[in-house]
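K.L.:
Need coordinates for the following:
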Amino acid sequence: QAHLVESGGGLVQAGGSLNLSCTASLHIFNNYAVGWFRQAPGKEREFVAAISWWGDKIYYADSVKGRFTTDRDNAKNTAFLRMNRLKSEDTAVYYCAADPVLSTVLTTAGRPDYWGQGTQVTVSS
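P.N.:
Alright, predicted model coming up:
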């Protein structure tokens with residue numbers, strides 16, 4: 001049974017935009033922080049963005065700052081990663097993760113309680 005389900009990935013040209021969604025089962029969304037990570041072929045997973053339960057704390061990796069934003073709609077149990085001005089180096093499988101502790105989803109060293117299955121984002125140059 002999937003607890004986190006991502007959607008919204010696809011193929012886009014460089015400079016374009018995509019919006020990813022991460023929808024959670026209710027019992028794991030309440031009071032959970034959500035992090036976004038990505039893994040490109042042949043590379044290790046890296047942190048992209050994170051948002052606290054209330055949305056008052058938001059963090060971004062330097063590589064996406066100013067281009068990506070994350071927000072959430074707790075009433076719909078959904079978090080979003082809005083990606084603009086995409087570059088070829090943004091190509092990766094994107095994952096969302098959820099954990100009660102925000103710091104856990106701020107780093108790849110954390111072990112979040114839940115992971116999504118991943119969604120492919122491909123940016124053509």
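K.L.:
all helices for this protein, in order.
P.N.:
Applying DSSP state H to the chain gives helices spanning 26-29.
K.L.:
pLDDT weak spots in this structure?
P.N.:
By pLDDT under 70, the low-scoring segments of the chain are 1-2, 26.
K.L.:
where exactly do the strands run in it?
P.N.:
4-7, 10-13, 18-24, 33-39, 46-51, 58-60, 68-73, 78-83, 92-99, 114-115, 119-124 (DSSP state E).
K.L.:
Indicate which one of these is closest to Thr107.
P.N.:
With Cβ to Cβ, the closest approach to Thr107 among the strands of the chain belongs to strand 46-51: 6.0 Å. Yep, even glycine has a C-beta here, placed from its N, CA and C like the rest.
K.L.:
can you pull the contacts of the residue most central in space within the chain?
P.N.:
Central residue of the chain (Cα atoms, centre = their mean): Trp36, 2.6 Å from the mean position. Taking Cβ atoms under 8 Å, 6 or more residues apart in numbering, we find Trp36 in contact with 20, 22, 47-50, 70, 79, 81, 94-97.
K.L.:
what's the closest of the residues you listed to Ser7?
P.N.:
Once Cβ to Cβ is applied, the member of those that ends up nearest Ser7 is Leu20, at 7.2 Å.
K.L.:
From what I see, that closest one and Ser7 are in contact.
P.N.:
Yes - look at Leu20 against Ser7 with Cβ atoms under 8 Å: they come within range, at 7.2 Å.
K.L.:
Pick out whichever of the two has more residues nearby.
P.N.:
The residue with more neighbours, out of Leu20 and Ser7, is Leu20; 24 against 13, by other Cβ atoms under 10 Å.
K.L.:
Please name the bridge partners of that one.
P.N.:
Taking DSSP bridges as the rule, Leu20 bridges to Leu81.
K.L.:
any idea how far it is from Trp53?
P.N.:
According to Cβ to Cβ, to the nearest Å, Leu20 stands 19 Å off from Trp53.
K.L.:
what sits in contact with each of Leu20 and Ser7?
P.N.:
Thr119.
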